[in-house]
Structure formats: structure tokens, C-alpha cells
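> Got a predicted model here, sequence first, then my questions.
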Amino acid sequence: MEILEPVDLDGYRRRLADGMASRGCWPEDSPWVREAVDAVPRDLFAPERVWVWGGEEYAPVDRAADPRAWADAVYAGMYDSTVIQVTDGLPTSSLSCVSVVADMLDSLMPEPGHRVLELGTGAGWNAALLGVRAGAGRVVSVEFDAELAYAARERIGRAGAEVSVRVGDGTHGLLEGAPYDRVIATYAVEEVPWAWVEQTRPGGRIVTPWGRLGHVALTVDDDGRSASGWMQGLGMFMPSRYAAGQGRAFHEIRDTVPPGTESPFPREPRALTDGNLLFALRVLLPDVRITTESDGTGATARLHDGGSSWATLAGAADGPAVARQGGPRRLADEVVRAWRRWEDAGAPSLYDFGMTRTPDAQYIWSGDRDTGPRWAPVRPPPSAGRAGLDGSGARV
């Protein structure tokens, strides 16, 4: 029988902490975050089986069979999450990357004694970190998946944190115990549930991923009738269990919808790696997914709408960019119009955008919540299928 060498988890922990420090990822205003991570390290919350992407599908990695591969997956890097659950081939729960965890906890601004509601327990690590900060019995976490909730409760207890874990639908928050000083979600929403605002005290803070691309911090107004705040950073997040599916993948659409046009593209595709531009396009074209690859010779961007339209934007270092697109929508044209809208507004950065949630609506603004422009999705004009990439006839 093969004897497996023990894994130095302390070494993995130190490397991750040092990497965070060298890149300035530990929040200076919240030194408690690093102290909490040291007190309850992430490997204590990783299940015995985790999942890694193998190029075509997720493959299991079992701690008992390969402890080093397991530790490599748990401590892949400060910008890498660890998938802990796969359902029908898709990841449905993860141990979030430490850089995003630290950023969101810093944005939440919890204080000792605060009553904190977390939505989306997952592995339980974030709840335990909050428990270290807020204190025993001050944090309650809600998890939709009963199996995940049970496992998280066990891990939290073994780590010595006193956090209550409930099974329920986080969309409704948790009326018992409201109002809370702080509310945090670990999964992405398109619209912040009004229940979260109602269950947060005036002056309290809500931090949640929005749109699967970034997270926002909202402060509840003194009258409790609205909550507003700024975008805090980028990061990919899993959606709520009730969210609509991802739709068809890029290759599925491209393989069944032949290209209809090929035209020069009047922008540099490499610019689509800019997080500020990507966020603006996410606001203006919420159903368009964009991925970009680049190397020393050029860049390629792939666009699709999850349904029936796709486009590729290819730019070489020694020539003009070219757009190929197929389907009823002309996604490259739509990106050009939205891109121009962003430029015409002064190319605001991610951190210039904010959100307001009222009982009846949610809207994105930039600059100032009362006087700044409000950003609504750009819809293709009826002639979009015939318009060229110069945007002729289109008005944004």
C-alpha cells in the first residue's frame, strides 16, 4: 500500500498570507481580516472532496487519495476559488478566493458586537470569519442547501466559532432577529431583495455581489426607505439558486449558428480586458457575456447572449481588428454603441458607479446618486441586424 507523505498546511497558509501582503490585498483599514484568517484558515472549511477544472469538465480531488492535490486546490492562489459542489456538471458552491473575501469583509465594516446576517453559508468560512469579528452568538447565516448547511455547521463548530446556521431561502433574508447591523450575501443577485433593506437598521450596511461581476456596499437611509452606495470591486460570483440558468455556452451557439457578417472592428479588442470598461458594458448590455484572451501577437474577444447570437473580435498587433458575428443580434455592433456611450460619459471607472434600491426600483448611477446620470441597458435598434459596425443610423 502506498504511504502518502503528510502535507504542510502551515506552509500553504503562510504562502497565501505572504502573497496577499506582497500584492497589498490585505485591507489596511481592517487589520482584523488577516487576524481572522489566521485564526480560522480556509483549509478547515474545505470538504474532503473538492473539484478542479480539467479542461472539459470538473474532476473530483479527494483528500484521502491525493492530499497534496487537495491542498493545491484549496490554496490555488489568492485570486482563485475552490469548488466544493458540482451539480449537473456545473459548480454550485465554492470556497471563495481570499482576496475577494477580504475585500468584501472590509467593505462590510462589521464591528465587535454587531448583529450580522449572512446569506449563503456555503462552506462556512466567511461566517466563521464574521464570528471572529462580531463575537459569539452575533452572526446568523442562511443556506438554501440543507446538506451544505449541515456540513458548514459542523465545520464552524470544530473551528471554535459560535455562529448560527439556518436552512432557508436567502432571498427573504431572516426576519427573526431583524433589524441587523450588517447584511452580507455570498452569491450574486441582479436585484437586491427589498427584504434585505427592510431587515437592516437605518445606517446599517449591506454588501452583496451584483451581476456576477462585482460587489456593491449599500447604506440604509435614515428613514429606512432606500439604500445607496458605491461599487467596491470586481469578482466573479455564483448566482442565487433561483437565478435563471446560464443559457447556452459560446461554442454551442457558434457551432449551430453560422457567421452572417465579417467586418472591420473599430476598437482594439485587447481593451476589453479593462475592468472599468467591462463593468460599464455589463451595466449597459446585461445579457452579453464577454471573455478575452491576449498574447504578444494580439487579442480575441468572444461575445454571446446565452441564446442565439455570438461574435468574435480578433485584433492583431500588425493589422486592424475584425468582427465575425452570427445570429439575429449583432453583438459586436451593440458593444460598439455601448462602448461609445461609456466614452461619451467620460469613461467612468468601476468605482464611479453606484446603486440605489427603493421599495419599487433599483437603478445604477455614476458620479452622484441624486444628480449623476442613471445608466439603463442599451437596447439594439430595430435595424441592428442591418447596421454596420460604424453604428450608422444608431443612436445611444
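That came in fine, so what should we check first? Residues are numbered from 1 along each chain as shown.

> After the strand or helix carrying residue 16, heading C-terminal, what element do we hit next?
In this assignment (DSSP states H and E), residue 16 forms part of helix 9-22. Remark: after helix 9-22, the chain's next helix or strand is helix 32-39, criterion DSSP H and E.

> Could you pull out the buried residues of that next one?
Going by neighbour count (16 or more other Cβ atoms under 10 Å), the buried part of helix 32-39 is 32, 33, 34, 36, 37, 39. Every C-beta, even on glycine, is put in place using the N, C-alpha and C of the backbone.

> Now for those residues: which two are most distant?
Longest distance between any two of the buried residues of helix 32-39 is 10.8 Å, between 33 and 39; criterion Cβ to Cβ.

> Next, show the common contact partners of those two.
Common contact partners of residue 33 and residue 39 (Cβ atoms under 8 Å, 6 or more residues apart in numbering): none.

> can you give me the end-to-end distance of stretch 263-275?
Chord length of stretch 263-275, first to last residue, is 26 Å (Cα to Cα, to the nearest Å).

> which of the residues in that stretch are buried?
263, 265, 266, 267, 269, 270, 272.

> what's in contact with it?
Stretch 263-275 is contacted from outside by 234, 277-278, 281, 290, 292, 294, 298-301, 313-315, 320-323, 332, 336, 339, 350, 388-390, using Cβ under 8 Å, 6+ apart.

> And residue 324, how far from residue 79?
Note on residue 324: its distance to residue 79, by Cβ to Cβ, to the nearest Å, is 31 Å.

> From the buried residues of stretch 263-275, pick the one nearest residue 138.
Using Cβ to Cβ, residue 272 comes nearest to residue 138 of these, at 42.8 Å.

> Helix, strand, or coil at that closest one?
Three-state call for residue 272 (DSSP: H, G, I helix; E, B strand; the rest coil): helix.

> tally of neighbours for the closest residue to residue 106 other than its chain neighbours?
Counting by Cβ to Cβ, 6 or more residues apart in numbering, residue 106 lies nearest to residue 27, which is 3.6 Å off, once chain neighbours are set aside. Close neighbours of residue 27, defined as other Cβ atoms under 10 Å, add up to 17.

> Next up, the contacts around residue 27.
Residue 27 neighbours (Cβ under 8 Å, 6+ apart): 33, 102, 103, 105, 106.

> ok, those vs residue 151, which is closest?
Of all those, residue 105 has the smallest distance to residue 151: 21.9 Å, by Cβ to Cβ.

> Give me the nearest residue to that closest one, chain neighbours excluded.
In space, and not counting its chain neighbours, residue 105 is closest to residue 33: 5.2 Å by Cβ to Cβ, 6+ apart.

> For that neighbour, give me its contacts.
Going by Cβ under 8 Å, 6+ apart, residue 33 touches 26, 27, 102, 105, 106, 129.

> and if we set it to 7 Å?
Residues in contact with residue 33 (Cβ atoms under 7 Å, 6 or more residues apart in numbering) are 26, 27, 102, 105, 106.

> quick one on the thing from earlier: what pLDDT does the residue nearest to residue 106 get?
The model reports residue 27 with a pLDDT of 96.

> Tell me how far it lies from residue 311.
Separation of residue 27 from residue 311 (Cβ to Cβ) stands at 38 Å.

> repeat for residue 339
Distance, residue 339 to residue 311, using Cβ to Cβ: 13 Å.

> and if you look at residue 346?
27 Å.

> higher neighbour count, the two?
Neighbours were counted for residue 346 and for residue 311 using other Cβ under 10 Å; residue 311 has more, 29 against 11.

> For that one, which non-adjacent residue is spatially closest?
Using Cβ to Cβ, 6+ apart, the closest residue to residue 311 is residue 325 (3.6 Å).

> Checking that neighbour next. Helix, strand or coil?
strand.

> Let me see the contact set for it.
Residues in contact with residue 325 (Cβ under 7 Å, 6+ apart) are 259, 260, 261, 310, 311, 331, 332.

> Just the ones of those residues in helices?
Members of the contacts of residue 325 lying in helices (criterion: DSSP state H): 331, 332.

> of all the contacts of residue 325, which comes closest to residue 355?
residue 331 (25.4 Å).

> per-residue confidence for the closest one?
For residue 331, the model assigns a pLDDT of 94.

> hey, where'd the helices end up in the chain?
For the chain, the helices defined by DSSP H cover 9-22, 32-39, 67-74, 98-108, 125-134, 146-158, 194-198, 250-256, 275-284, 331-344.

> For those helices, give me JSON lines that also has distance to residue 355.
Shown next, in JSON lines, are the helices of the chain (distance: least, Cβ to Cβ, whole Å):
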{"stretch": "helix 9-22", "distance to residue 355": "28"}
{"stretch": "helix 32-39", "distance to residue 355": "24"}
{"stretch": "helix 67-74", "distance to residue 355": "33"}
{"stretch": "helix 98-108", "distance to residue 355": "13"}
{"stretch": "helix 125-134", "distance to residue 355": "22"}
{"stretch": "helix 146-158", "distance to residue 355": "28"}
{"stretch": "helix 194-198", "distance to residue 355": "12"}
{"stretch": "helix 250-256", "distance to residue 355": "28"}
{"stretch": "helix 275-284", "distance to residue 355": "10"}
{"stretch": "helix 331-344", "distance to residue 355": "17"}
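
> The nearest residue to residue 130 once chain neighbours are set aside: neighbour count?
Counting by Cβ to Cβ, 6+ apart, residue 130 lies nearest to residue 139, which is 4.7 Å off, once chain neighbours are set aside. Neighbouring residues of residue 139 were enumerated by other Cβ under 10 Å; the total is 30.

> Report the contact partners of residue 139.
Residues in contact with residue 139 (Cβ under 7 Å, 6+ apart) are 116, 118, 127, 130, 131, 163.

> ok, back up a step: what separation do you get for the residue nearest to residue 106 and residue 130?
The gap separating residue 27 from residue 130 is 15 Å, by Cβ to Cβ.

> and what of residue 304?
For residue 304, the distance to residue 130 equals 37 Å [Cβ to Cβ].

> ditto for residue 321
Separation of residue 321 from residue 130 (Cβ to Cβ): 46 Å.

> swap in residue 378?
Look at residue 378 and residue 130: by Cβ to Cβ, they are 38 Å apart.
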